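A.B. asks: With the input below, show me the fold.
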Amino acid sequence: MQIEVEQARRLSVSLETLGERIARLAIGLGIKLNDQQAVQQVIDQAPPRGRGTSGRAAQAMSGGRRVVLLREELRGLLVLRYQLETVSLNQHGLELTREIVSLAEYRLEQRGFRPGANGPDADGLFNEH
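C.D. replies: Got it, this is the predicted structure:
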């Protein structure tokens, strides 16, 4: 039982951290993620072609290329978050997963993020399926 509680706590912290980065990227890119259709559009976008850029080269790149990379990061983080939520559903069930996701959302709101800044809230997410 203690292991499951610790796993749930770690998952909540991970989802909160992911949610914060997702929200910051979405805000910076001017993308609203408050409904599932908007999230799906970001996830469905084609990945950019060509070589990746890192370090100082990223700082020197054009604004357009930087936006492409930030959108790709946003896309990847959304996919990762949904994968974590799916694993949680399989391991912990619907009720505990809903509580974990709701706690992460609550903590983000306490830190000043508006509801939906990082995607649909837990009720919208779990009631759609």
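A.B. asks: Mind picking out the helix or strand in the protein with the poorest mean pLDDT?
C.D. replies: helix 56-60 (a mean of 53; mean pLDDT, DSSP states H and E).
A.B. asks: Report the buried residues of stretch 109-124.
C.D. replies: When neighbours are counted by 16 or more other CB atoms under 10 Å, the buried residues of stretch 109-124 are found to be 113, 116-122. Quick note: C-beta positions are derived from backbone N, CA and C, even for glycine.
A.B. asks: now it: mean pLDDT?
C.D. replies: For stretch 109-124, mean pLDDT rounds to 85.
A.B. asks: which outside residues touch that stretch?
C.D. replies: 18-20, 22-23, 26-27, 32-36, 39, 78, 81, 98, 101-102, 105, 108, 125, 128 (CB atoms under 8 Å, 6 or more residues apart in numbering).
A.B. asks: make it 6 Å
C.D. replies: 19, 22-23, 33-34, 36, 39, 98, 101-102, 105 (CB atoms under 6 Å, 6 or more residues apart in numbering).
A.B. asks: Let's have those residues in JSON lines, adding secondary structure.
C.D. replies: Shown next, in JSON lines, are those (DSSP: H, G, I helix; E, B strand; the rest coil):
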{"residue": "19", "secondary structure": "helix"}
{"residue": "22", "secondary structure": "helix"}
{"residue": "23", "secondary structure": "helix"}
{"residue": "33", "secondary structure": "coil"}
{"residue": "34", "secondary structure": "coil"}
{"residue": "36", "secondary structure": "helix"}
{"residue": "39", "secondary structure": "helix"}
{"residue": "98", "secondary structure": "helix"}
{"residue": "101", "secondary structure": "helix"}
{"residue": "102", "secondary structure": "helix"}
{"residue": "105", "secondary structure": "helix"}
